[in-house]
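Q: Model the structure of this input:
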Amino acid sequence: MTQGENSYRQDVFLQDLRQQKDRQQHRIWAEHQQMQLSFLYKRGLTSSSTVLDLGCGPMRLGSVLIPLLKDGWYYGQDINPSTIIFGEEVLREAGISEQAPYSLFASDQFDLSLVDRPVQIAFSNSLFSHLTLNSILTALLQLQTVLDQSGVFYATFFALDPGRHWLKPHPRNKWGRQFDTYPHQDPYHYPLPLLQDLARQAGFYLDVLDDFGHPTQTMGRFRRSRWQHWFS
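A: Just a heads-up that it's a prediction; the model follows:
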């Protein structure tokens, strides 16, 4: 995956966030932060969990999750090195020291070689909505190299509603903001059966969960298949 394929972090997200003096007062930042943390607690997050945040962004989740990991570890990966740098700034603002249990790194190919312990919980919020199928498959194959045998990957995506044609724009409404998703450009939508087929190719079983609470995206749960025959 290249910055040309996905310029979202650099061109939109960071620019807006740098202009905010108090991110906790920003609705999307604060509500998504609590939504993500509450969901992970329901899914077994503990103080000893090892968590991998793919497409971590500038520490919206990390800034509240890292202080909770007394005996665990947080890994954050993002495509954009500038996002990682800004994320470090956000952590310092939150009072989190460089000695806290976390590691941040940038990679445009989901290179997870810096993850040096089995991951129990992997998580992505609004990552697959900006990725092509090739990049999603790459992310899943790379994840197989670090995910614990009983580990689970939770990732949101724009699902194609039943009865809608994949080739046509799909209108969305997020807290009153209207936008479209597309089959051929960012933000992407995908039929669930297509992602399930892709997951199987990468050695995962994919189902969906209805307790995340995102206004427009669907939460997928990726678990290791009983028989793991994936591309290498």
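Q: give me phi/psi at the closest residue to Ser103 other than its chain neighbours?
A: In space, and not counting its chain neighbours, Ser103 is closest to Tyr75: 5.2 Å by CB to CB, 6 or more residues apart in numbering. C-betas here are computed from N, CA, C, even on glycine. When read as degrees, to the nearest 10, the backbone of Tyr75 gives phi -110, psi 130.
Q: What residues does Tyr75 make contact with?
A: When contacts are counted by CB atoms under 8 Å, 6 or more residues apart in numbering, Tyr75 is found next to 50-53, 102-105, 112, 114-115, 119.
Q: what's the spacing between it and Ala202?
A: For Tyr75, the distance to Ala202 equals 19 Å [CB to CB, to the nearest Å].
Q: re earlier: what are the bridge partners for the residue nearest to Ser103, then?
A: When assigned by DSSP bridges, Tyr75 has beta-bridge partners Leu52, Ser103.
Q: Which pLDDT value does the model give it?
A: Per-residue pLDDT puts Tyr75 at 98.
Q: Same question for Pro215.
A: 89.
Q: so where's the chain uncertain?
A: Along the chain, segments meeting pLDDT under 70 span 1-26, 227-232.
Q: Swap in 90 and give it another go.
A: By pLDDT under 90, the weakly predicted segments of the chain are 1-32, 161-163, 174-177, 215, 225-232.
Q: just the helices in it please.
A: 8, 14-18, 27-42, 62-65, 81-93, 133-144, 192-201 (DSSP state H).
Q: what would these look like in JSON lines with mean neighbour count?
A: Shown next, in JSON lines, are the helices of the chain (neighbours: other CB atoms under 10 Å):
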{"stretch": "helix 8", "mean neighbour count": "20"}
{"stretch": "helix 14-18", "mean neighbour count": "14"}
{"stretch": "helix 27-42", "mean neighbour count": "16"}
{"stretch": "helix 62-65", "mean neighbour count": "21"}
{"stretch": "helix 81-93", "mean neighbour count": "17"}
{"stretch": "helix 133-144", "mean neighbour count": "19"}
{"stretch": "helix 192-201", "mean neighbour count": "16"}
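Q: export these to CSV and tack on distance to Leu209?
A: Formatted as CSV, those follow (distance: least, CB to CB, whole Å):
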stretch, distance to Leu209
helix 8, 24
helix 14-18, 28
helix 27-42, 8
helix 62-65, 19
helix 81-93, 27
helix 133-144, 17
helix 192-201, 12
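Q: Just name the closest of the contacts of Tyr75 to Lys42, please.
A: Within the contacts of Tyr75, the smallest distance to Lys42 is 14.3 Å, found for Val51 (CB to CB).
Q: so who does that closest one touch?
A: Contacts for Val51 (CB under 8 Å, 6+ apart) come out as 40, 45, 65, 69, 72-75, 119-123.
Q: Could I have the PyMOL command that selects the buried members from these?
A: Remark: buried members of the contacts of Val51, expressed as a PyMOL selection using 16 or more other CB atoms under 10 Å:
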select buried, resi 40+45+65+69+72+73+74+75+119+120+121+122+123
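Q: Let me have the contacts of Val51 in TSV, extended by distance to Gln217.
A: Listed next are the contacts of Val51 as TSV, based on distance: CB to CB, whole Å:
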residue	distance to Gln217
Leu40	16
Leu45	20
Leu65	20
Leu69	25
Gly72	26
Trp73	27
Tyr74	22
Tyr75	22
Val119	22
Gln120	23
Ile121	18
Ala122	17
Phe123	13
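Q: Pull up the pairing partners for the longest strand that the chain contains, direction included.
A: Identified as the longest strand of the chain according to DSSP state E is strand 147-159. Using DSSP bridges, the strands paired with strand 147-159 are strand 119-124 (parallel), strand 189-190 (parallel), strand 218-224 (antiparallel).
Q: Cool, thanks, signing off.
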